[in-house]
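[1] prediction below, plus the sequence it came from.
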Amino acid sequence: MKKATNQSRKRSVAGDRPVDSLRLDGNAAAGMLSEIFVPDLTAGRAKCAGCGTTRSIGALHVYSHGMGMVVRCPACDGVVLRVARTPTRVWLDARGAISIVISGEN
Amino acid sequence: MTARAPATRIEWRLTTVVDVVPETPSTRTLRLEVPGWPGHRAGQHVDVRLTAEDGYQAERSYSIASAPEDDKLALTVERLDDGEVSPYLTEELRAGDKLELRGPIGGYFVWDVPTGGPLFLVAGGSGIVPLMAMIRHRNSSLAAGDREARKKLPTRLLYSSRGWDEVIYRAELAALVDKDPTLEVVHTLTRNPPDGWTGFHRRIDRGMLDQVAWPASDTPRVFVCGPTPLVEAVAGTLVDLGHQPALVKTERFGPTGGPT
């Protein structure tokens, strides 16, 4: 549990719990993303703008906070998506994704 | 596989609790009547929303435990002592109560019979829930006597629990294994094994995975669900053992052992 990589150890939270243990999968963002997109985005694939790696969005890393979620690339730890909710709006920042591909069958 | 209905926006809906079934000292299964439920795939989850009298809302995700073939939607919830939502769901909720949820959610951590096997499932604690939906789906959709169809989808579950009393669905899993030689369940107990326990008594490690998992050359479909440290250790080890990363799907429950 304490086997954090050097990179992630830098981003530690208050207390002695490494932020690694708060990490979730892209699946966890599916509900919030469904407020923006009708087809399920987590079954689709995203290409990271930081390193060019393409992965299923369900396989990306998610860090969940009170207001929203940060979705990071497992390869380079770069931010791919940010989703936030205010009382009246849902915000999506997708500048970390070069492309997002979803199944046309939906 | 039948064609799925066109995607429509996932809306919040009001469900009715049919009954609350105790599973272990800290877990309960909620069986729900959901008007207009569009159906789900094994492995998907729902978001549950509680609203206080002052309008404050809390939302949590819970994996669906029931098979798509079951007539009621079932969620199995673990009580987290410092939780905002799970103590209400496990201790206060009664048959006839209403519960607000939206779903089914998620198209990544899912398995259907046509996806194929062999199927290797790894659960830590309440991480068993979405994997149980897969086991139940496999059992429901393949005819009981159809040995050939089952042989084509051999399934192994490696299930880590703290103690024997904390094994969720223990009796149901044992009954399924008794009837179906193509389903194997291997338990490991990390803290309190009962007297005479001869099974694994440690956290899941490389040696255990090497012994229990289908070899990478069989290209099993792997689903790992549980607390984040367990999921990352297991998925990393399986990739080291030669499994294709794309076939190892994970669902992390976060640090508490509970869903997000």
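    Sure, I can see it.

[2] contacts and neighbour counts: CA atoms only from here.
    Will do.

[3] what segments of the chain are helices?
    You didn't say which chain, so I picked chain A. A:6-9, A:30-33 (DSSP state H).

[4] please refer instead to chain B.
    Counting by DSSP H, the helices of chain B are B:86-87, B:128-141, B:147-151, B:170-179, B:206-212, B:228-240.

[5] out of these, deepest packed?
    Ranked by mean neighbour count, the helices of chain B are led by helix B:128-141 with a mean of 24 (mean count of other Cα atoms under 10 Å in any protein chain shown).

[6] does that one reach chain A?
    No. Helix B:128-141 lies out of reach of chain A by Cα under 8 Å from any Cα of the partner chain, never closer than 12.4 Å.

[7] thinking again about what came up before, looking at the helices of chain B, which is nearest to B:T250?
    helix B:228-240 (6.7 Å; Cα to Cα).

[8] would you tell me whether that closest one gets close to chain A?
    Yes. Residues of helix B:228-240 contacting chain A under Cα under 8 Å from any Cα: B:228-229.

[9] which elements pack onto that helix?
    helix B:206-212, strand B:221-226, strand B:248-252 (3 or more Cα pairs under 8 Å, 6 or more residues apart in numbering or on different chains; DSSP states H and E).

[10] restrict that helix to CA atoms and write it as CSV.
    Extracted in CSV, the C-alpha atoms of helix B:228-240 (Å, rounded to 0.1, in the frame of the first residue of the first chain):
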residue,chain,number,x,y,z
THR,B,228,-7.2,0.2,-4.7
PRO,B,229,-4.0,-1.3,-3.2
LEU,B,230,-5.2,-4.9,-3.8
VAL,B,231,-6.3,-4.1,-7.3
GLU,B,232,-3.1,-2.5,-8.3
ALA,B,233,-0.9,-5.2,-6.9
VAL,B,234,-2.9,-8.0,-8.5
ALA,B,235,-3.2,-6.3,-12.0
GLY,B,236,0.5,-5.4,-12.0
THR,B,237,1.5,-8.9,-11.1
LEU,B,238,-0.7,-10.5,-13.7
VAL,B,239,0.8,-8.2,-16.4
ASP,B,240,4.3,-9.3,-15.1
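
[11] got the angle between it and strand B:248-252?
    170 degrees (axes from the mean of the first three to the mean of the last three Cα atoms, to 10 degrees).

[12] centre of the chain to helix B:228-240, how far?
    Computed by Cα atoms, centre = their mean, to the nearest Å, the chain-centroid distance of helix B:228-240 equals 17 Å.

[13] average pLDDT for it?
    Model confidence over helix B:228-240, given as mean pLDDT, is 96.

[14] in the chain, which strand is the longest?
    You didn't pick a chain, so chain A it is. Using DSSP state E, we find that the single longest strand of chain A is strand A:79-85.

[15] the intended chain is chain B.
    Assigned via DSSP E, chain B shows its longest strand as strand B:12-24.

[16] each with direction, which strands does that strand pair with?
    If you go by DSSP bridges, strand B:12-24 pairs up with strand B:27-33 (antiparallel), strand B:98-105 (antiparallel).

[17] just the buried positions in it, please.
    By 16 or more other Cα atoms under 10 Å in any protein chain shown, the buried positions in strand B:12-24 come out as B:13, B:15-20, B:23-24.

[18] that one versus helix B:170-179: what angle between them?
    With the same axes, to 10 degrees applied, the angle from strand B:12-24 to helix B:170-179 works out at 80 degrees.

[19] CA atoms only for strand B:12-24, dumped as CSV, please.
    Extracted in CSV, the C-alpha atoms of strand B:12-24 (Å, rounded to 0.1, in the frame of the first residue of the first chain):
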residue,chain,number,x,y,z
TRP,B,12,-32.6,9.5,-11.9
ARG,B,13,-35.4,7.2,-10.9
LEU,B,14,-37.3,6.4,-7.8
THR,B,15,-37.1,2.7,-6.9
THR,B,16,-38.9,0.7,-4.1
VAL,B,17,-37.0,-1.5,-1.7
VAL,B,18,-38.5,-5.0,-2.0
ASP,B,19,-36.4,-6.5,0.8
VAL,B,20,-33.1,-6.1,2.6
VAL,B,21,-31.1,-9.3,3.0
PRO,B,22,-28.2,-9.6,5.5
GLU,B,23,-25.1,-11.1,3.8
THR,B,24,-22.4,-10.7,6.5
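
[20] I'd like the average pLDDT over it.
    Averaging pLDDT residue by residue across strand B:12-24 gives 97.

[21] thinking again about what came up before, closest to chain A out of the helices and strands packed on helix B:228-240?
    Minimum separation from chain A across these (Cα to the nearest Cα) falls at strand B:248-252, 5.0 Å.

[22] residues touching that closest one, excluding its own?
    Applying Cα atoms under 8 Å, 6 or more residues apart in numbering or on different chains, the external contacts of strand B:248-252 come out as A:23-25, A:27, A:59, B:108-109, B:221-228, B:231, B:235, B:238-239, B:259.
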